[in-house]
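just the structure for this:
(2 chains)
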There are 2 protein chains.
Amino acid sequence: MRHTRILSQLRWCAFLLLALPLLVRAADPLPSWNEGPSRQAIEGFVIAVTTEGGKDYVSPAERIAVFDNDGTLWSEQPMYFQLLFALSEVKRQAPQHPEWKEKQPFKAVLEDDHKALMASGLKGLVEIVLATHTGMDGDTFRDNAKRWLASAKHPRSNKPYTEMVFQPMLELLTYLRAHGFKTYIVSGGEVAFMRAFAEEVYGIPPEQVIGTTFGSRFEDKEGKLSIQRLPKVAHNDDGPGKPESIDSIIGRRPILAFGNSDGDLQMLQWTMAGEGKRFAGLVHHTDAKREWAYDRKSDIGHLDKALDAASRGHWTVVDMAKEWRRIYPFE
Amino acid sequence: MRHTRILSQLRWCAFLLLALPLLVRAADPLPSWNEGPSRQAIEGFVIAVTTEGGKDYVSPAERIAVFDNDGTLWSEQPMYFQLLFALSEVKRQAPQHPEWKEKQPFKAVLEDDHKALMASGLKGLVEIVLATHTGMDGDTFRDNAKRWLASAKHPRSNKPYTEMVFQPMLELLTYLRAHGFKTYIVSGGEVAFMRAFAEEVYGIPPEQVIGTTFGSRFEDKEGKLSIQRLPKVAHNDDGPGKPESIDSIIGRRPILAFGNSDGDLQMLQWTMAGEGKRFAGLVHHTDAKREWAYDRKSDIGHLDKALDAASRGHWTVVDMAKEWRRIYPFE
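Model prediction:
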């Protein structure tokens, strides 16, 4: 008798648990997405892969969703935010490096000499990134990144960089997780830099952040243990590096991928080449007024081949100006 | 009124949901562990870090547990099982490699010439592993591994290798997951080989398997995409390589680590060096009758420095012969 009672109560529980999401869903989970093709495609995909018994059903364990970061989850203009962090770190660390006063490309940074900085080219930028991101232990770097993120302001909005995130994408991440997806970042950004804010800002825990990595060395100095960051790139998580890291670290193929540039092309292709229903999305920066407008001719967030591939493959291209009611959370 | 009713039902649900684990726990979750110091240490640790409001409480997100594989979750005698796979693959793939008939160390494998094989040393073994693990795409390798795992038998027990797993450790993995832990493998074994059975056998999904990796290359051959496995080691997940990969891939420090050899020393040290309550365990192979007995003098699973560190640090050393009621599931 007691068992029957408990069973009946459990059934009622099951009903409530099933009904609650429906009640919650009555409140729009994607309020910053206008009705339009992208929103329709997203909702259609999620319903298809989560409807039990449906032909496109995918078990929760296989619901892997991967997102580029720069230009996909947050802005990347006038320059990748991580580069702005590196430039800021050169200035902050300059007192410990008196030699930088006379040494390019550091001299250019310290003197705000943009022309000399540009002249140093990619090689100069790499030098700046290595000098500010390596040669220290992991804890020190994380503290540096967190300090900058907590204090630095974006030159145009005067908001912290962590507020320059896309409200519609935050909603999408939450919506996917509510439907059993595991959301990952797979980005050309350096992994420890992104981990310094990804959990708080995106709800994405450190173990779901994949990015460019530097070499590292476990060090035991008379019992004081640390992970030292070495000045060499171990993995460049851009272009083909993205499916490579997905395969190496996640070990299964995502069913949804979102990017915004040619650096995401191979990740999107890899995602779409699997069996069953899949989703590929591109954030198209079309909003010069509220954000920025750029694609085929831009150095940052260069979007050309991936735009053609999206057209050929009927991928979802989000027209930011038309489809996003709100860009940033602070609006 | 309606709301009050639902709230009251929800309270009843909450009670049932809270009570159910207690009812389930009444059945011993670790039946293969004798009452003894290791079991006590494990249970004490889990209660301490999961008791809300307690001074040692750790939030679920931080409950990261890492396990070595060879000798910790399954046996590793008379030889690492992955090496036995490699030797078997040499024989299976020999028809496609007629040159192996005359070329060491392959000739030795094909002729079962153990003396010549040993003479080829570590260099020979590496050659055999590279020839059987790389130079193909990821899907092909996974199929090869699965085929072997499904058919090969251990020379002593005549059981499939996936049954040579330790029943007490399977129970421990389940017990930890039931208490909100995320269980990871961090092993010197190659990552794709372990992923071929880890989910089915240990309940550990691919994205929670960390191991030695080979270089890889995303390939697009006229639209046919693949991840090619390259014949070079990208990361050697042994010794200091373990905390390095934990930091790079998980991005947070585990609170529990289990190993069985000196190759696990740095992972155990790294785990214990964090703040708050932590657990380090060693499986000590003391059972010559039911499994194997070896430690300081063994080449495979060499356990010497880590045993001293365990003694100094009061880590948990599991005396397999005394503390494990059952070794394998098939007993």
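
now A:Glu127. Nearest residue, chain neighbours left out?
A:Pro105 (5.9 Å; Cβ to Cβ, 6 or more residues apart in numbering or on different chains). To be clear about C-beta, it is placed using only N, CA and C from the backbone, and glycine gets the same treatment.

what about the one you found, neighbour count?
24 (other Cβ atoms under 10 Å in any protein chain shown).

wait, it touches A:Leu130, no?
No - using Cβ atoms under 8 Å, A:Pro105 is not in contact with A:Leu130, being 11.4 Å away.

other SSEs contacting the helix or strand where A:Glu127 lies?
Following DSSP states H and E, the helix or strand that holds A:Glu127 is helix A:121-133. If you count contacts as 3 or more Cβ pairs under 8 Å, 6 or more residues apart in numbering or on different chains; DSSP states H and E, helix A:121-133 packs onto helix A:81-93, helix A:106-110, strand A:224-235.

orientation of it relative to strand A:224-235 in degrees?
Orientation of helix A:121-133 against strand A:224-235 (axes from the mean of the first three to the mean of the last three Cα atoms, to 10 degrees) gives an angle of 160 degrees.

now helix A:121-133 - C-alpha only, PDB.
The C-alpha trace of helix A:121-133 is given here as PDB (Å, rounded to 0.1, in the frame of the first residue of the first chain):
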ATOM      1  CA  GLY A 121      53.800  43.000 -38.000                       C
ATOM      2  CA  LEU A 122      52.600  39.600 -37.000                       C
ATOM      3  CA  LYS A 123      56.100  38.800 -35.600                       C
ATOM      4  CA  GLY A 124      55.900  41.800 -33.300                       C
ATOM      5  CA  LEU A 125      52.400  40.800 -32.100                       C
ATOM      6  CA  VAL A 126      53.500  37.300 -31.400                       C
ATOM      7  CA  GLU A 127      56.500  38.700 -29.400                       C
ATOM      8  CA  ILE A 128      54.100  40.800 -27.300                       C
ATOM      9  CA  VAL A 129      51.700  37.900 -26.700                       C
ATOM     10  CA  LEU A 130      54.500  35.600 -25.600                       C
ATOM     11  CA  ALA A 131      56.100  38.200 -23.300                       C
ATOM     12  CA  THR A 132      52.800  38.900 -21.600                       C
ATOM     13  CA  HIS A 133      51.300  35.400 -21.600                       C
END
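
how about the closest residue to A:Leu268 other than its chain neighbours, secondary structure?
Nearest residue to A:Leu268 in three dimensions, chain neighbours excluded: A:Ala280, at 4.4 Å (Cβ to Cβ, 6+ apart). Here A:Ala280 is recorded as strand under DSSP: H, G, I helix; E, B strand; the rest coil.

wait, doesn't A:Ala280 sit right on A:Met272?
Yes - using Cβ under 8 Å, A:Ala280 is in contact with A:Met272, at 5.1 Å.

any common contacting residues for the two?
Common neighbours of A:Ala280 and A:Met272 (criterion: Cβ atoms under 8 Å, 6 or more residues apart in numbering or on different chains): A:257, A:313, A:315.

TSV please, covering those and showing pLDDT.
Output for these, formatted as TSV (pLDDT from 0 to 100):
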residue	pLDDT
A:Ala257	98
A:Gly313	96
A:Trp315	98
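
between A:Ala280 and A:Met272, tell me which one has more neighbours.
With neighbours defined as other Cβ under 10 Å, A:Ala280 and A:Met272 compare such that A:Ala280 has more, 26 against 20.
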